[in-house]
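# just a sequence and a predicted model for now, questions to come.
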Amino acid sequence: MSSLSTIFIIAFWSCAGLIAFTYALYPPLVWCWSRLWGREPAARDVSDQDAPMISLLIVAHNEEAVMKQRLANALSMDYPRDRLEIVVASDGSSDRTTAIVREQGVRLIEFLEQRGKAAAINRAIPQLRGQIVILSDANTEFDSQAVRKLVRWFHDPKVGAVCGRLMLTDVQTGRNVDSVYWRYETMLKQSESRLGGLLGANGAVYAIRRSMFSPTPDGTIIEDFVIPLLARLRHGCSILYDIQAVAREESAPRVRDEFRRRCRIGTGNFQSFAVLWPLLNPRHGFVAFAFFSHKVLRWFCPFFLVGLLVSSLALVDHRFYRIALVAQLIFYAVASITLLIPNRLKLPKLLALSGMFVSMNAALLVGFVRWLSRSRHGSWSPTPRASILENKSG
């Protein structure tokens, strides 16, 4: 066997091993560890008398279609009204977003120039009154107890941020449509939280102690990932996951909208690495291991998949690697077909997962190219809402 063949064999098994580790081995491993050595932190119910001052910050850009409904939901929270400051930061909105906020009597921080969500958060948070800031999106709906659930952890001064649970709902029926992959990610969050290694938060529903907030670069794309982890890096605080602090959001109505969102997140992933790479330092213990296993390996998975395909092709004269090549081609063909099938048609879970896996890694690859070419910025626009699309087509 030539030295070149040996290199390709090493490449094949290295790529296969890293893919298998991040997707198939790490999840059950971290689940088992969380059951053996994990600790469920103690929450303390918040009474009206002891309730801390909270600021609920909603950053919006051209959200007139959902803003009235979002504010009605925010105003209905089961939390003392004199301890809950609701604030909308408008990032250069050019529609009726700001007018709707004023009509509802909610505090408005208006930025005339659109500079991106991260920039709006950076400029808005110093102007807030709350000891704890809850960040959310305009298209999100909180359960009535969500604020209390998030806040109840902050009696512990070591807690710096708390991430709630986002549930995806069907556009037509409003029913929960969390996919197998989404439930798998929820399990990972719970397990990592029990082990003290939760990585980031979900921008739709999370809280941070205002004194531990650090501004991110204005062009930061996935600020909900970077902000909590910066707090951990700089203050050594813990980040928790509360499955009972529930928020709901409509799933993306079109496949291309979801893919566009994933591409943007992919760009943000590689961008964030420039800020968060110190988390790989072994002195961070389990956090370093989780960051490498759950995030960094995932981000580079598209390159492992390409390496697997190329090395299989280079070794096609060997029976095993020829079979591996055919299996990969069949997998990609089936996954591509599933992505062309309309969302309304129910697919077997394994087929749906194959399409999601390929789509997610393709988006990461596009995100990497955009990051590498520096064609990235922090400006943003809301994902088209189903109701808007229906009106346009009607």
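Happy to help now that I have it. Residues are numbered from 1 along each chain as shown.
# sec struct for residue 58, please.
What DSSP: H, G, I helix; E, B strand; the rest coil gives for residue 58 is strand.
# what pairs with the nearest residue to it once chain neighbours are set aside across the strands?
Nearest residue to residue 58, sequence neighbours excluded (Cβ to Cβ, 6 or more residues apart in numbering): residue 88, at 4.9 Å. C-beta: built from backbone N, CA, C; applies to glycine. Beta bridges link residue 88 to residue 58, residue 108, judged by DSSP bridges.
# next one: residue 88 from residue 167, what distance?
23 Å (Cβ to Cβ, to the nearest Å).
# okay, buried residues for the lengthiest strand in the chain please.
When the chain is scanned for its longest strand (criterion: DSSP state E), the result is strand 238-250. Across strand 238-250, burial judged by 16 or more other Cβ atoms under 10 Å covers 238-242, 245-250.
# which SS class is the nearest residue to residue 76 once chain neighbours are set aside?
Computed as Cβ to Cβ, 6+ apart, the closest residue to residue 76 that is not its neighbour in sequence is residue 144, at 6.4 Å. Following three-state DSSP, the label given to residue 144 is coil.
# if we can go back for a sec, residues in contact with the residue nearest to residue 58?
58-60, 67, 71, 97, 101, 106-109 (Cβ atoms under 8 Å, 6 or more residues apart in numbering).
# what does the helix or strand following the longest strand of the chain rub up against?
Under the assignment DSSP states H and E, the closest C-terminal helix or strand after strand 238-250 is helix 255-276. For helix 255-276, the external contacting residues (Cβ under 8 Å, 6+ apart) are 216-217, 219-222, 225-226, 229-230, 233, 251-252, 291, 295-296, 299, 339, 343, 359-360, 362-368, 370-372, 376, 380, 383-384.
# cool, and stretch 319-332?
12, 308-309, 311-313, 315-316, 354, 358.
# one more time with 10 Å
5, 8-9, 12, 16, 305, 308-316, 318, 354, 357-358 (Cβ atoms under 10 Å, 6 or more residues apart in numbering).
# so how far is residue 247 from residue 53?
21 Å.
# need the CA coordinates for the longest helix anywhere in the chain. CSV is fine.
The longest helix of the chain (DSSP state H) is helix 349-372. Taking C-alpha atoms only, helix 349-372 is exported to CSV below (Å, rounded to 0.1, in the frame of the first residue of the first chain):
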residue,chain,number,x,y,z
LYS,A,349,-38.2,10.6,11.0
LEU,A,350,-34.9,9.2,9.7
LEU,A,351,-35.6,10.6,6.2
ALA,A,352,-36.4,14.0,7.6
LEU,A,353,-33.3,13.9,9.8
SER,A,354,-31.1,13.1,6.8
GLY,A,355,-32.4,16.2,4.9
MET,A,356,-31.9,18.4,8.0
PHE,A,357,-28.4,17.1,8.5
VAL,A,358,-27.4,17.8,4.9
SER,A,359,-29.1,21.2,4.9
MET,A,360,-27.5,22.2,8.1
ASN,A,361,-24.0,21.3,7.0
ALA,A,362,-24.5,23.0,3.6
ALA,A,363,-25.5,26.2,5.4
LEU,A,364,-22.4,25.9,7.6
LEU,A,365,-20.3,25.7,4.5
VAL,A,366,-22.0,28.7,2.9
GLY,A,367,-21.6,30.5,6.2
PHE,A,368,-17.8,29.7,6.3
VAL,A,369,-17.4,31.0,2.7
ARG,A,370,-19.2,34.2,3.7
TRP,A,371,-17.1,34.6,6.8
LEU,A,372,-13.9,34.0,4.9
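# residue 55 is in contact with residue 86, isn't it?
Yes: the criterion here is Cβ atoms under 10 Å, and residue 55 meets it with residue 86 at 8.0 Å.
# for the buried ones among the contacts of helix 255-276, write the corresponding PyMOL selection.
In PyMOL, a selection of the buried entries from the contacts of helix 255-276 looks like this (16+ other Cβ under 10 Å):
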select buried, resi 216+217+219+220+221+222+225+226+229+230+233+251+252+291+295+296+299+343+359+360+362+363+364+365+366+367+368+370+371+376+380+383+384
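# spatially nearest residue to residue 291 (excluding sequence neighbours)?
In space, residue 291 is closest to residue 279, 4.6 Å off (Cβ to Cβ, 6+ apart).
# surely the one you found meets residue 232?
Yes: with contact defined as Cβ under 10 Å, residue 279 counts as touching residue 232 (7.8 Å).
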